[in-house]
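Novice: Pasting a predicted model and its sequence here:
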Amino acid sequence: MTPQRRDLRQLLANRAMCRDFTDTAVSESALSDVLTAAMGAPAAGNTRALDLVVLQGESETSQYWDVSLPEPKRSTFPWPGLLNAQVLVLGYVEPDAYRRRYAESDKAHTRLGGDEAQWPVPYWWVDGGAALMSMLVAAENAELGALLFGQFEHEPALARRFGVPRGHRTLGTVALGHPAPGDRSVSYSGERGRPTLADRLHRGRW
Ligand SMILES: Cc1cc2nc3c(=O)[nH]c(=O)nc-3n(C[C@H](O)[C@H](O)[C@H](O)COP(=O)(O)O)c2cc1C
């Protein structure tokens, strides 16, 4: 456990993506806190079909960047400090595990055991999002910087590179490390800011 525990309101308010890291190693205890947090997330039907591939240290993380950010793209990448992140966590979900779980007798009434296309809300993405958020909050608690980012068209090549079995889909990648001094290297998206609660809250009805 990370000895210092901070107020939850403060953690949630301070959590923000970091795209600029130092090359200082992430301690095993901080990494363990972040990874363990993912496993505590809720899961529909308690299906538990989340897997994490952890790349730690430059010799492992460089293999990721070699696949997803080869030259000449790398030299013009707007966030070069992202490549210093000492840990990359690749999150995966297995949609078919949900179909199998919801075919079990206690869930058969949902009729979701047949085909993924029948799912009005694909719960593997909901559960995956909850796990990712747990990791981001745990990273903030451990005073680490973190960025959740997409794998986009590199998903198949990364899965091949790191031996991910067929049928497992990526949620994205979480970079973890010690934030570089200064701002957290905001993106164009980040500059859009956050809405206030009043902007999006609909009491009684929309
Ligand atoms: C599903 C998801 C995918 C994201 N993908 C990227 C990405 O590919 N690259 C990136 O720089 N940020 C990515 N982000 C981070 C968002 O840009 C960021 O969360 C948003 O701008 C709000 O900023 P904040 O998280 O710092 O509050 C992603 C966030 C989410 C939730």
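Specialist: Good, I have the coordinates.
Novice: Tell me how far the single longest strand found in the chain lies from the chain's centre.
Specialist: Criterion DSSP state E: the longest strand present in the chain is strand 169-177. Computed by C-alpha atoms, centre = their mean, to the nearest Å, the chain-centroid distance of strand 169-177 equals 4 Å.
Novice: Residue 132 - how many residues pack around it?
Specialist: Neighbours of residue 132 under the rule other C-beta atoms under 10 Å: 22. Quick note: C-beta positions are derived from backbone N, CA and C, even for glycine.
Novice: so it sits right up against residue 173, yeah?
Specialist: No: in this structure residue 132 lies outside contact range of residue 173 using C-beta atoms under 8 Å: 10.0 Å.
Novice: which stretch of helix or strand covers the most centrally placed residue in the chain?
Specialist: Centroid check for the chain by C-alpha atoms, centre = their mean gives residue 132 as the closest residue, at 4.0 Å. Using DSSP states H and E, residue 132 sits in helix 123-141.
Novice: So for that helix, what gets flagged as buried?
Specialist: Buried positions in helix 123-141, judged by neighbour count with 16 or more other C-beta atoms under 10 Å: 123-124, 127-141.
Novice: Determine the set of other helices and strands touching the following helix or strand past it.
Specialist: Sequence-wise, the next helix or strand downstream of helix 123-141 (DSSP H and E) is strand 145-149. Packing contacts for strand 145-149, counted by 3 or more C-beta pairs under 8 Å, 6 or more residues apart in numbering; DSSP states H and E, involve helix 123-141, strand 169-177.
Novice: Format the ones you listed as CSV; extra columns: distance to residue 83.
Specialist: Formatted as CSV, the helices and strands packed on strand 145-149 follow (distance: least, C-beta to C-beta, whole Å):
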stretch, distance to residue 83
helix 123-141, 18
strand 169-177, 9
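Novice: Among these, which comes closest to the ligand?
Specialist: strand 169-177 (5.5 Å; C-beta to the nearest ligand atom).
Novice: what residues are up against residue 147?
Specialist: Residues in contact with residue 147 (C-beta atoms under 8 Å, 6 or more residues apart in numbering) are 17, 18, 19, 82, 85, 174, 175.
Novice: most neighbours, which of the residues you listed?
Specialist: residue 85 (31 neighbours).
Novice: Where does the prediction get shaky in the protein?
Specialist: 1-6, 183-185 (pLDDT under 70).
Novice: of all the residues in it, which ones are close to the ligand?
Specialist: 16, 17, 19, 148, 149, 150, 172, 187, 189, 190 (C-beta under 6 Å from any ligand atom).
Novice: run the last query once more with 8 Å
Specialist: 15-17, 19, 79, 129, 132, 136, 147-150, 152, 171-172, 184, 186-187, 189-190, 192, 194 (C-beta under 8 Å from any ligand atom).
Novice: circling back to that earlier point, so for residue 132 and residue 173, which residues contact both of them?
Specialist: By C-beta under 8 Å, 6+ apart, the residues touching both residue 132 and residue 173 are 91, 148.
Novice: What are the boundaries of the helices in this structure?
Specialist: 8-14, 28-39, 58-68, 95-101, 123-141, 155-161, 197-200 (DSSP state H).
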